[in-house]
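**Student:** Quick check, what structure comes out for this input:
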Amino acid sequence: MELITYISKLVSFIPIKDMFDVLIITVCIYFVLVFIKQTRSFFILGALASLLILNFIAQTFDLTLTRQLVAPLLTLFIAIFVIVFQPEIRKFFKWISSGRITSFKKTLSVPENTIQTIVRAVFTMAKQRVGAILVLPGEFPLDDLLEGGFPLNGQITASIMLSIFDSSSPGHDGAVLIEGSQIKFFGLHLPLARDFNEYRRVGTRHRAGAGITERTDAMAIIVSEERGEVSVSTKGKLTKVATAEELADIIAKFTGDEPKNIPLKKSLVYQFFKKNRILKVAAVALGLSFWFFMVYKAGVIKISYSVPVEYRYVNPSMVIVNSLPDSISVTVTGNNTDIVNMKKDDIKVIVDASKFIIGENDIVVGIKNIQTPSYIELNNFTPKTVKVKTTEKSPN
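**Tutor:** Reported below is the predicted structural model:
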């Protein structure tokens, strides 16, 4: 409760502009965390966190050697990350572009009668010692991980399932892909689990089932032809299923079917807060932390600059003799880091000289004449008027 109170107080100090800033960073962090979760690349998070902490310590305490070593290491780490995880990154962006990241269901809904058909077929095959593997996709696309196979797009029935995995069928050694109430493909080849030692006591089907689920959020149902056992694999882990009722419950939970007595609005809100709750909380916490240490703690400062007046669109037949004064004192407010990193010519005073006359010109300088970066706030400028003397340009 104290943590919530502290966060609410911290949020109340954040300006509206910075709130949008934090929101954007939080969304980006959330996508990164989801990517790490989907690809099971948790060691990346540890390595990146270590480098960021080292970099923060080096910047805070001005540790020159550490800062000079860690900065290129961070760049190298990002380059290696992109090269090593190129396929995963491509699949991740494909997943985002598909729009499934905003979906509240994990996969296509499987009707109750279809679930019962699947369960009946699975336990019939287990009783007859017929090997089989069924894949139900989650959010992550499977296209780049599946090889071979034959398109079917047929309604699921127990007889079709039994015929597909019959030893005389050309695709009996492969897997079937189930979407909704249809068998989309059969005879598919799946990637094997990376850790051979962990699955050395089980067959190739079990390793394939674990392989597809350790790389994605899909679920695999495996039937052992040697032992007549039924197993389910999620997140790369195999779990034996003893009864048909247990398997039906697992499938129903995986597909994310909503209870019929919950109103749609409440159901969507519930799913939004239920889905990836830990990742969302972590993303918000990291976003606020970055803002606190990089923006809030850096402090807001006010500083004045002497900016030369720049005259544009001067008549070619005219020459500016002098300008009194020739510069404007511009006072701005901004984040300390932004002010330090700002270049000299980022602030400009520009006057349109197209309507100047020969002789004395009294020019009123307004806010429209002052150009500053969007992240810097203009406080004041003096003087507000400038006297400009011009003369005719002498002929060559």
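**Student:** Now do the closest residue to Ala282 other than its chain neighbours against Ala79, distance only.
**Tutor:** Nearest in space to Ala282, with sequence neighbours left out and distances taken as C-beta to C-beta, 6 or more residues apart in numbering, is Leu33 at 6.1 Å. Where you see a C-beta, it was placed from the backbone N, CA and C, and this is true even at glycine. According to C-beta to C-beta, to the nearest Å, Leu33 and Ala79 sit 21 Å apart.
**Student:** Report the beta-bridge partners for Leu378.
**Tutor:** Beta bridges link Leu378 to Val332, judged by DSSP bridges.
**Student:** and it, how many neighbours?
**Tutor:** 15 (other C-beta atoms under 10 Å).
**Student:** Kindly report the same for the one 5 residues further on.
**Tutor:** Residues near Pro383, counting by other C-beta under 10 Å, number 12.
**Student:** And Leu324, by the same measure?
**Tutor:** Leu324, neighbours per other C-beta under 10 Å, totals 10.
**Student:** cool, Gln86 as well?
**Tutor:** Residues lying near Gln86 (other C-beta under 10 Å) number 10.
**Student:** Ala283 now?
**Tutor:** The tally of other residues near Ala283 (other C-beta under 10 Å) stands at 21.
**Student:** and if you look at the one 4 residues further on?
**Tutor:** Residues within reach of Gly287, counting by other C-beta under 10 Å, total 20.
**Student:** residues touching it, list them.
**Tutor:** By C-beta atoms under 8 Å, 6 or more residues apart in numbering, Gly287 lies in contact with Val22, Leu23, Ile25, Thr26, Ile29.
**Student:** Equivalent analysis for Leu48, please.
**Tutor:** The contact partners of Leu48, by C-beta under 8 Å, 6+ apart, come to Phe77.
**Student:** Model confidence for it, exactly?
**Tutor:** Note on Leu48: pLDDT of 74.
**Student:** Confirm that it sits in a helix.
**Tutor:** Yes - under DSSP: H, G, I helix; E, B strand; the rest coil, Leu48 sits within a helix.
**Student:** And it, how close does it get to Thr60?
**Tutor:** On the measure of C-beta to C-beta, Leu48 and Thr60 end up 18 Å apart.
**Student:** So for stretch 381-394, what gets flagged as buried?
**Tutor:** For stretch 381-394, burial by neighbour count (16 or more other C-beta atoms under 10 Å) applies to Phe381, Val386, Val388, Thr390.
**Student:** got it, and stretch 184-192?
**Tutor:** By neighbour count on 16+ other C-beta under 10 Å, the buried set for stretch 184-192 is Lys184, Phe185, Phe186, Gly187, Leu188, Leu190, Pro191, Leu192.
**Student:** Nearest to Thr157 among those residues?
**Tutor:** Set against Thr157, the nearest of the buried residues of stretch 184-192 by C-beta to C-beta is Phe186 (13.1 Å).
**Student:** Run through the bridge partners of the closest one.
**Tutor:** Phe186 has these beta-bridge partners by DSSP bridges: Phe150.
**Student:** and the lengthiest helix in the chain, how far out from the chain's middle?
**Tutor:** Longest helix in the chain by number of residues, with DSSP state H as the criterion: helix 16-39. Distance of helix 16-39 from its chain centroid, counting by C-alpha atoms, centre = their mean, to the nearest Å, is 6 Å.
**Student:** same deal with stretch 52-61?
**Tutor:** In terms of C-alpha atoms, centre = their mean, the centre of stretch 52-61 is found 25 Å from the chain centre.
**Student:** and what of stretch 168-181?
**Tutor:** Distance, centroid of stretch 168-181 to centroid of chain: 33 Å (C-alpha atoms, centre = their mean).
**Student:** how about it: buried residues?
**Tutor:** For stretch 168-181, the neighbour count (16+ other C-beta under 10 Å) marks Gly171, His172, Gly174, Ala175, Val176, Leu177, Ile178, Ser181 as buried.
**Student:** residue boundaries of the helices in the stretch 151-300 of the chain?
**Tutor:** For the stretch 151-300 of the chain, applying DSSP state H, counting those that start in this stretch gives helices covering 158-164, 204-215, 244-255, 264-274, 277-291.
**Student:** which regions of the stretch 51-200 of the chain sit below the pLDDT cut-off?
**Tutor:** For the stretch 51-200 of the chain, the stretches with pLDDT under 70 are 87-88, 91-92, 94-109, 196-198.
**Student:** Contacts only, for Gly187.
**Tutor:** Under the criterion of C-beta under 8 Å, 6+ apart, the neighbours of Gly187 are Gly148, Gly149, Phe150, Ile164, Pro170, Gly171, His172, Asp173, Gly174, Ala175.
**Student:** In TSV: those residues, plus distance to Ile222.
**Tutor:** Converted to TSV, the contacts of Gly187 look like this (distance: C-beta to C-beta, whole Å):
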residue	distance to Ile222
Gly148	18
Gly149	17
Phe150	20
Ile164	15
Pro170	20
Gly171	16
His172	14
Asp173	13
Gly174	13
Ala175	9
